[in-house]
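*Asks:* got a predicted structure here, sequence first:
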Protein chains: 2
Amino acid sequence: MNKVKREIPEEVRGNNKLFAGVNTDCKVVQRAAPKVRPIKLGEEKLVASIEEVINKLNLCDNMTISFHHHFREGDYIINLVMDAIAKKGIKNLTIAPSSLTNVHAPLVHHIKTGVITNMTTSGLRGELGEAISNGVMKEPVRLRSHGGRARAIEAGDIKIDVAFLGVPSTDLYGNANGVKGKTICGSLGYAQMDAKYADQVVLLTDTILPYPNTPISIAQTDVDYIVKLDKIGDSEGIGIGATRFTTNPKELQIAELVKEVITKSVYFKNGFSFQTGTGGAALAVTRFLAEEMKNNSIKASFALGGITKPMLTLLEENLVDTILDVQDFDKEAAISLGQQERQIEISASYYADPHNKGAAVNQLDVVILSALEVDNQFNVNVMTGSDGVLRGAIGGHCDAANAKMTIISAPLVRGRIPTIVDRVNTVITPGESVDVIVTEIGIAINPKRRDLIASLSDQGIPIFTIDALQEKAYEITGTPKPIEYEDKVVALVEYRDGTLIDKVLQVKQ
Amino acid sequence: MNKVKREIPEEVRGNNKLFAGVNTDCKVVQRAAPKVRPIKLGEEKLVASIEEVINKLNLCDNMTISFHHHFREGDYIINLVMDAIAKKGIKNLTIAPSSLTNVHAPLVHHIKTGVITNMTTSGLRGELGEAISNGVMKEPVRLRSHGGRARAIEAGDIKIDVAFLGVPSTDLYGNANGVKGKTICGSLGYAQMDAKYADQVVLLTDTILPYPNTPISIAQTDVDYIVKLDKIGDSEGIGIGATRFTTNPKELQIAELVKEVITKSVYFKNGFSFQTGTGGAALAVTRFLAEEMKNNSIKASFALGGITKPMLTLLEENLVDTILDVQDFDKEAAISLGQQERQIEISASYYADPHNKGAAVNQLDVVILSALEVDNQFNVNVMTGSDGVLRGAIGGHCDAANAKMTIISAPLVRGRIPTIVDRVNTVITPGESVDVIVTEIGIAINPKRRDLIASLSDQGIPIFTIDALQEKAYEITGTPKPIEYEDKVVALVEYRDGTLIDKVLQVKQ
């Protein structure tokens, strides 16, 4: 039993400690470092095909390979590379992408044939999530946040033999960025980790530009090989599921209440900072917040996180001074990164690694995060559905929950399913770091935040206890039937510091 | 005896191999990595004084500390920090600055009192160079090029316990750059190595700006402490000795001939790249080259190295597409780095590390370098004077000599001292990597470059053998008397790959 009262069976724990709270002591960490093969003077890096580069890499059984997910639902790279690897007959690989999306369903086949036997990722969705929830993998998947992955790479917990990185443009020596080229994705913040720490780094691109290609998001000094493909992805796929402009009255109501909580808090003042994230309600919050900032002549110092078009508007209108950009969630934000000098690309470590000398999330005043479920301990689940199936992504959720005020926005119910429950299926972000839950009918404040309860009371915001919100949800939906699970652990959830916070079990058919 | 016929006594060699040629095989290198103390949420980094930060660091005897030399003759940091350390009674330190200049004469005292007992640097000048040449240190100083230092840090040959880095501006979380603030220095390319690889990193600044301070040359994720001082240096000191605008007829003649060699070579074509460096003749070359580029509608892809105002003119006139900037040699270049988006800050590793996956020097077509002496094996000395005393700096000399055409510009004689000699006092750059020597009376081409001999003949450029140039020099000066040395080795010269290329002996009083 760990601090959020989850049991993690000893036989799957490995060397990991159990989650013991969000701010446990951390001693000095010895960083990991790659093995580097120096490139000789005159040596060229361009290789004719994925097949040929696999040969050059001496890629073999039991290695760990990695990818990034900056193309999200528009990614072609992972499937192309895995197909080529499978054809070579290589088996027992660990894959360590920064995340996986619906388009990666073909990986199920590679799991079944033994090409992939271990996996760490932030997200699992669609057919892949279902297959894993149904026990297709022998070993549990390791689920990590973006900050947690950065930490794991820097500590050597993830040791990448080969990183296959899709890049919108590169020169022939490996200076790459995400803002030029046929298929742009903007920030390469997650991929920067792989480029720095993998022993061997392959860039895959559809646009080769003259030397030196700038800005230099990934540097020639870290790149072994370059493969030119016809097309590395689809920029339109970046925004799928993230950048919906909502007209849903319930979502607008939630966004309105979130705005109220922020603007009536002590944090809403000149120089404040925030992360709003993606999804219909979050984007509406950004718009509403902009209005209030204008009305009150308040300017933010910085905005953080996955960047979307509404955030750019704030930058252009000078309502925010700087955007720190680890990932772009639409093509407009990706284009803007190449043009706006106050939109700064940052790495996943800079964004959220809890074990470096100070991540950007440490400086956050306000963060708005979403939830699939919240329980009456304020624990949040963004990973498994009400049927227990893997269909989400940790992303930067538990990382950004470090903010001075962490707001979870969620509808009370979704159809016949309660969002506020007595026990979340899967704890991703511990209630200890969550401050306010905002639903369409009102908010609940974590009792340990007496300061917030005091300052937000009598301000016209309907405040409930979390138990009251849960009861109201159950009044609508009835008490949900418990999900039936098998005994097999299909995934382990790491908190950002590398401790185990929860497990995911195989669902009963 | 190594490949340039220098004897390195076995008792001072340590683990280093002897120089065996410029392009020897290099196997896979295991990179080093720092020990990192994670910064806790809410922890602050500002410390009241150097004295206080020394306590916090647990700085003690036998540690290795480092500095950068971006302020060159305008640096206040090294003396301030060393004085404070000396007062604490700490002894037996190794100092590993990227270089040292005339202003660091006070270090002699700290050597005499046993505070400093080991040293690695690129340059030694003035009183400090003289004292070391006269045997003040027990252990030989290790002289490294900028690329060699980057390599040594990345390989763990230099293990930095604490880096004390002067930065023109930082925010309170450690995002620092050299382009904003009271005392700007431009690129922090050398310091970036220390920030990434030192266990503990202290920033010293005279300008603290709001969070987040951008551009982010040194990142908050690598910074432990920040100390605010009244003044960290003098920006005017950056250019001393580097940015002289020459009217000396001999220098102009050399510059004219260098220009001829470049423009009449096969390398002078659209998209070529070059490094011209500093000093009167080199700056004149840049001006003359600009003229020819205009006349011939030739545009360079990139210029590299220490950046000066004449280089900026090329950028502004669109004669060069991109400047890769590891160091700025005048205030104008430093200012420009903050304004010109095609002037790109690069690290010392990116600039010149021979053991990464491809340094910028590998891409150079033409480089113009200076010399104190050149011998008839084309070996170059930029470190010791004609009296054998340390009074120079390796800088990027042997690194940039990797270019397709390496030109050494030097007067035949300096007063009564020949520049072209039969044996240089100290080999810094091996003749193997040197292609053309340009003097005021004509040039000599390395016999192994038959292609250059063929293409530059009958073009109106006076070509001599190197022996003929040496004879002409000796005709003017007479045969120089050999320098008298003691047996003690006062410095060892590492070639960029870490092999030992020469030693420097104590001079006889």
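*Replies:* Good, I have the coordinates.
*Asks:* can we go C-alpha only for contacts and neighbour counts from here?
*Replies:* Will do.
*Asks:* just the strands from the stretch 101-250 of chain A, written as ranges.
*Replies:* A:116-121, A:123-124, A:141-143, A:162-166, A:169-170, A:176-177, A:200-205, A:225-228 (DSSP state E, counting those that start in this stretch).
*Asks:* ends of stretch A:373-383, how far apart?
*Replies:* Stretch A:373-383 has an end-to-end distance of 9 Å (Cα to Cα, to the nearest Å).
*Asks:* and the contacts of that stretch?
*Replies:* A:123-124, A:370-372, A:390-394, A:418-432, A:434, A:437, A:446, A:466-467, A:470 (Cα atoms under 8 Å, 6 or more residues apart in numbering or on different chains).
*Asks:* if we go to 7 Å?
*Replies:* A:371-372, A:390-394, A:419-431, A:434, A:466-467 (Cα atoms under 7 Å, 6 or more residues apart in numbering or on different chains).
*Asks:* follow-up on the earlier one: need the winner for burial among the strands of the stretch 101-250 of chain A.
*Replies:* Comparing those by mean neighbour count (mean count of other Cα atoms under 10 Å in any protein chain shown), strand A:169-170 ranks first with a mean of 30.
*Asks:* so how far is it from its chain's centroid?
*Replies:* Averaging C-alpha positions (Cα atoms, centre = their mean, to the nearest Å) puts strand A:169-170 24 Å from its chain's average.
*Asks:* now do it: which elements does it pack against?
*Replies:* Here strand A:169-170 touches strand A:176-177, going by 3 or more Cα pairs under 7 Å, 6 or more residues apart in numbering or on different chains; DSSP states H and E.
*Asks:* with adjacent residues omitted, what lies nearest to residue A:143?
*Replies:* Setting aside the residues directly before and after it, residue A:143 is nearest to residue A:493 in space (Cα to Cα, 6 or more residues apart in numbering or on different chains), at 4.8 Å.
*Asks:* hmm, I typed the wrong one, I wanted residue A:509.
*Replies:* Residue A:509 sits nearest to residue A:134 (Cα to Cα, 6+ apart), 7.7 Å away.
*Asks:* I'd like to know how many residues surround the one you found.
*Replies:* When neighbours are defined as other Cα atoms under 10 Å in any protein chain shown, residue A:134 has 20 of them.
*Asks:* give me the number of residues near residue A:482?
*Replies:* 10.
*Asks:* can you check residue A:464 too?
*Replies:* With other Cα under 10 Å as criterion, residue A:464 counts 15.
*Asks:* residue contacts, it?
*Replies:* A:442-444.
*Asks:* of those, which belong to strands?
*Replies:* Among the contacts of residue A:464, DSSP state E puts A:443-444 in strands.
*Asks:* closest to chain B among the contacts of residue A:464?
*Replies:* Distance to chain B across these (Cα to the nearest Cα) is lowest for residue A:444, with 24.7 Å.
*Asks:* quick check: residue A:305 is in a strand.
*Replies:* Yes. According to DSSP: H, G, I helix; E, B strand; the rest coil, residue A:305 belongs to a strand.
*Asks:* and chain A, which residues reach chain B?
*Replies:* A:26-39, A:41, A:220-224, A:350, A:355-359, A:362 (Cα under 7 Å from any Cα of the partner chain).
*Asks:* only whichever of the residues you listed are buried, select them in PyMOL.
*Replies:* Buried members of the residues of chain A next to chain B, defined by 16 or more other Cα atoms under 10 Å in any protein chain shown, are picked up in PyMOL with:
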select buried, chain A and resi 31+32+33+34+36+37+38+39+41+220+221+222+223+224+350+355+356+357+358+359+362
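*Asks:* separation between residue A:140 and chain B?
*Replies:* 29 Å (Cα to the nearest Cα, to the nearest Å).
*Asks:* contacting residues around that residue?
*Replies:* Residue A:140 touches A:489-492, counting by Cα under 7 Å, 6+ apart.
*Asks:* again, only this time at 10 Å
*Replies:* Counting by Cα atoms under 10 Å, 6 or more residues apart in numbering or on different chains, residue A:140 makes contact with A:12, A:117-120, A:132-133, A:488-493, A:503-506.
*Asks:* look at it and report its pLDDT.
*Replies:* The score at residue A:140 is 98. That number is its pLDDT.
*Asks:* roughly how far apart are it and residue A:9?
*Replies:* Taking Cα to Cα, one finds residue A:140 at 12 Å from residue A:9.
*Asks:* what residues are shared contacts of the two?
*Replies:* In contact with both residue A:140 and residue A:9: A:489, A:503, using Cα under 10 Å, 6+ apart.
*Asks:* ok, residue A:348 touching residue A:196?
*Replies:* No. Contact between residue A:348 and residue A:196 fails when scored by Cα atoms under 10 Å: they sit 11.7 Å apart.
*Asks:* quick check: end-to-end length of stretch A:222-233?
*Replies:* For stretch A:222-233, the end-to-end distance is 23 Å (Cα to Cα).
*Asks:* next one: stretch A:78-95
*Replies:* End-to-end distance (Cα to Cα), stretch A:78-95: 10 Å.
*Asks:* whichever residue of the stretch 401-509 of chain A sits closest to chain B: what's it in contact with?
*Replies:* Taking Cα to the nearest Cα as the measure, the point where the stretch 401-509 of chain A comes nearest chain B is residue A:402, at 8.1 Å. Residues near residue A:402 by Cα under 10 Å, 6+ apart: A:22-23, A:352, A:354, A:361-367, A:432-434, B:41.
*Asks:* is it located within a strand, as I assumed?
*Replies:* No. Read with three-state DSSP, residue A:402 is coil and lies in no strand.
*Asks:* distance check, it against residue A:354.
*Replies:* Separation of residue A:402 from residue A:354 (Cα to Cα): 10 Å.
*Asks:* so for those two, which residues contact both of them?
*Replies:* Jointly contacting residue A:402 and residue A:354 under the rule Cα under 10 Å, 6+ apart are A:23, A:361-362, B:41.
*Asks:* quick one: low-confidence parts of chain A?
*Replies:* By pLDDT under 70, chain A has no low-scoring segment.
*Asks:* contacts only, for the residue in the stretch 151-300 of chain A positioned nearest to chain B.
*Replies:* Distances between the stretch 151-300 of chain A and chain B by Cα to the nearest Cα are smallest at residue A:221, namely 4.4 Å. If you count contacts by Cα under 10 Å, 6+ apart, residue A:221 has them with A:36, A:38-39, A:173-175, A:195-196, B:349-353, B:355-360.
*Asks:* more crowded one of residue A:348 and residue A:196?
*Replies:* A direct count of neighbours by other Cα under 10 Å for residue A:348 and residue A:196 places residue A:348 higher, at 29 against 20.
*Asks:* so what's the backbone phi/psi at that one?
*Replies:* phi -60, psi -30 (degrees, to the nearest 10).
*Asks:* who's in contact with it?
*Replies:* If you count contacts by Cα under 10 Å, 6+ apart, residue A:348 has them with A:98, A:145-151, A:188-193, A:305, A:325-327, A:359-360, A:396.
*Asks:* and residue A:99, by the same measure?
*Replies:* So residue A:99 contacts A:66-70, A:72, A:120-125, A:143-146, A:149, A:190, A:393-395 (Cα under 10 Å, 6+ apart).
*Asks:* if I look at the most centrally placed residue in chain A, how far off is residue B:507?
*Replies:* Residue closest to the mean C-alpha point of chain A, counted by Cα atoms, centre = their mean, is residue A:395 at 1.8 Å. Taking Cα to Cα as the measure, residue A:395 and residue B:507 are separated by 64 Å.
*Asks:* just the terminal-to-terminal distance for stretch A:173-184.
*Replies:* Counting by Cα to Cα, you get 19 Å between the two ends of stretch A:173-184.
*Asks:* typed the wrong thing, it's stretch A:486-502
*Replies:* End-to-end distance of stretch A:486-502: 16 Å, with Cα to Cα as the criterion.
*Asks:* please state the offset of it from the chain centre?
*Replies:* Relative to the centre of its chain, stretch A:486-502 is centred 16 Å away, using Cα atoms, centre = their mean.
*Asks:* report the buried residues of it.
*Replies:* Buried-residue list, stretch A:486-502, by 16+ other Cα under 10 Å: A:488-502.
*Asks:* got it, and stretch A:43-58?
*Replies:* Residues of stretch A:43-58 classed as buried: A:45-47, A:50-51, A:53-54 (neighbour count, 16+ other Cα under 10 Å).
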